[in-house]
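> show me how the following folds:
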Amino acid sequence: MAELSRPGKIVCVGRNYRDHAAELGHVVEAEPLLFLKPPSAVIGDGAAILLPRLPADRSRVDYEGELVAIIGSRLRHAGPGEALAAVLGYTCGNDVTARDLQGAEAQWTRAKGFDTFCPLGPEVVAIDPSDVLVTTRVNGEVRQRARTREMAVGVGDLLAYISRCMTLEPGDAVFTGTPAGVGPLHDGDVVEVEVEGIGVLRNPVRAEP
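Model prediction:
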């Protein structure tokens, strides 16, 4: 178990669960689809997700519960086994997404990068990531529930793939994809992401003042 600090960079993978890709009308890519979230988006357990002031036709903001790997040692051109060995531990993450913006803009940076759009926590725990349950609840109702064995690309292969593109440094966070069941958040909601063996990441949702 380790303390969670702000990552140097946050690397995410899209469409890594086939059922999630299907619910959004996409197919799983031949290679992992990578994008970044800014460190300034990070908040911890208990902090509020702020819904940004956006036009009504661009206002949908979704939760995306995920298993997140926290890198413990430098990775460059690694194999899957080496990549897994370099992980400090795992935590819960919520890849909060402005869904309307994501669909309207060619790049996902703005849709994924608002302040508070990267909840992480509650702690970093050393677990076997190959087959753990990921559950997301909104106001106590289960919205997402899947096991990591359902990923299109497993954690070791995903980290190895990323390391062939960019060096992963200690403290970096890698979001491993979200399962089906994503949906909108509203002012006053409480969203929880639970990963088996780690704990529960809980965040209230508030309209930006």
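> drop to CA atoms for contacts and neighbour counts, all remaining ones
Fine.
> tell me the first helix or strand C-terminal of the helix or strand of the chain with the lowest mean pLDDT.
Least confident helix or strand of the chain, by mean pLDDT, DSSP states H and E, is helix 18-23 with a mean of 72. Going down the chain from helix 18-23, the next helix or strand is strand 33-37, by DSSP states H and E.
> I'd like the next helix or strand past that next one.
Using DSSP H and E, the helix or strand that directly follows strand 33-37 along the chain is strand 42-43.
> can you list the low-confidence ranges for the chain?
Judged by pLDDT under 70, the chain has its weakly predicted residues at 1, 3, 20-21, 24, 26-28.
> hey, which helix is longest across this protein?
Using DSSP state H, we find that the single longest helix of the chain is helix 155-163.
> report the distance from the following helix or strand past it to the chain centre.
Later in the chain than helix 155-163, the nearest helix or strand by DSSP H and E is strand 173-175. For strand 173-175, the distance from its own C-alpha centre to the chain's C-alpha centre is 7 Å (CA atoms, centre = their mean, to the nearest Å).
> just stretch 64-84 next, same as before
For stretch 64-84, the distance to the chain centre is 14 Å (CA atoms, centre = their mean).
> going by neighbour count, list what's buried in it.
Buried positions in stretch 64-84, judged by neighbour count with 16 or more other CA atoms under 10 Å: 64-72, 74-80, 83-84.
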